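**Q** Structure, please.
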Amino acid sequence: MGSPDWSVTLAAADPAVDPSAGYEGFIGWVLTLMTDLGEVGVGLALLIETFFPPMPSEAVLPGAGFLAYEGEMNVWLAIVAATLGALVGAWGFYAIGALLGRDRTKWLVEKTPLLEVEDFYKAERFFTRWGGLAVLVGRCVPIVRSFVSIPAGIERMNFWRFSFYTTVGSAAWNGLWIGLGYGFGPVIKPVLEEWSGILSYVVVAIIGLLMLWFVVVRVRKILANRQERPVAR
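**A** Next up is the predicted model:
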């Protein structure tokens with residue numbers, strides 16, 4: 001009768017624990033994505049956020065910091081991965097601006113529901129005035145960070161200069177939020193374990209209300225402009 005295989009016995013008695021287990025809703029989804037893919041998942045989340053701003057990085061990055069606190073990933077690699085994801089997304093919008101050019105981009109804005117050509121002019125004036133600083137600071141402003149790359153592409157800003165400013169701005173933003181999640185890990189862990197489901201509903205509700213507010217304001221403005229427009233005889 002052979003001796004028991006203690007490694008198998010111990011593995012069966014102490015199975016690996018998924019650090020995202022027990023967390024619900026949006027928070028659980030974010031933690032699961034980053035747990036399954038590690039630092040790559042952090043970069044993927046930031047890439048998605050670039051093209052889908054309603055999934056804010058402010059709600060995603062602290063989760064990466066929390067997992068780093070839990071020992072599931074390296075905090076510095078998480079910041080690097082997040083920055084690379086943001087940079088790749090920014091390259092995509094830069095390419096769109098460069099390929100379409102000013103006139104076609106302006107036409108696309110005019111034809112897109114709930115967008116106004118004045119939005120295009122404001123972005124254009126902002127970039128013309130501040131150049132690289134607009135890209136650098138814009139990476140730290142919600143919504144703006146997704147679209148500031150378009151006027152940079154239209155103006156054919158030097159690609160490497162654009163990439164440098166994008167990297168610096170993104171690294172600062174990502175480092176701040178990941179650092180907060182890491183630093184406050186001991187505090188937020190019991191809160192997430194107890195209230196992750198409710199907090200997820202709150203995050204989704206806030207995002208939904210902000211989107212609804214944007215739609216309502218834009219629709220009211222469009223209707224007001226139509227009423228003020230003189231009727232052709």
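**Q** who's in contact with residue 80?
**A** Shown in contact with residue 80 (C-beta atoms under 8 Å, 6 or more residues apart in numbering): residue 39. C-betas here are computed from N, CA, C, even on glycine.
**Q** what do you get for residue 135?
**A** Counted by C-beta under 8 Å, 6+ apart, residue 135 has contacts 127, 148-149, 152, 157, 162, 165-166, 169.
**Q** Show the subsequent helix or strand relative to the helix or strand encompassing residue 48.
**A** Assigned by DSSP states H and E, residue 48 belongs to helix 39-51. With elements assigned by DSSP H and E, the helix or strand that comes after helix 39-51 is helix 57-69.
**Q** buried ones in that next one?
**A** Residues of helix 57-69 classed as buried by neighbour count (16 or more other C-beta atoms under 10 Å): 57, 59-69.
**Q** again with stretch 127-144
**A** Per 16+ other C-beta under 10 Å, stretch 127-144 contains these buried residues: 127, 131-132, 134-139.
**Q** gap between the two ends of it?
**A** 12 Å (C-alpha to C-alpha, to the nearest Å).
**Q** Could I have the buried ones of the contacts of residue 135 as ChimeraX selection syntax?
**A** Buried members of the contacts of residue 135, defined by 16+ other C-beta under 10 Å, are picked up in ChimeraX with:
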select :127,148,149,152,157,162,165,166,169
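**Q** would you turn the buried residues of stretch 127-144 into a markdown table with secondary structure?
**A** Listed next are the buried residues of stretch 127-144 as a markdown table, based on DSSP: H, G, I helix; E, B strand; the rest coil:
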| residue | secondary structure |
| --- | --- |
| 127 | helix |
| 131 | coil |
| 132 | helix |
| 134 | helix |
| 135 | helix |
| 136 | helix |
| 137 | helix |
| 138 | helix |
| 139 | coil |
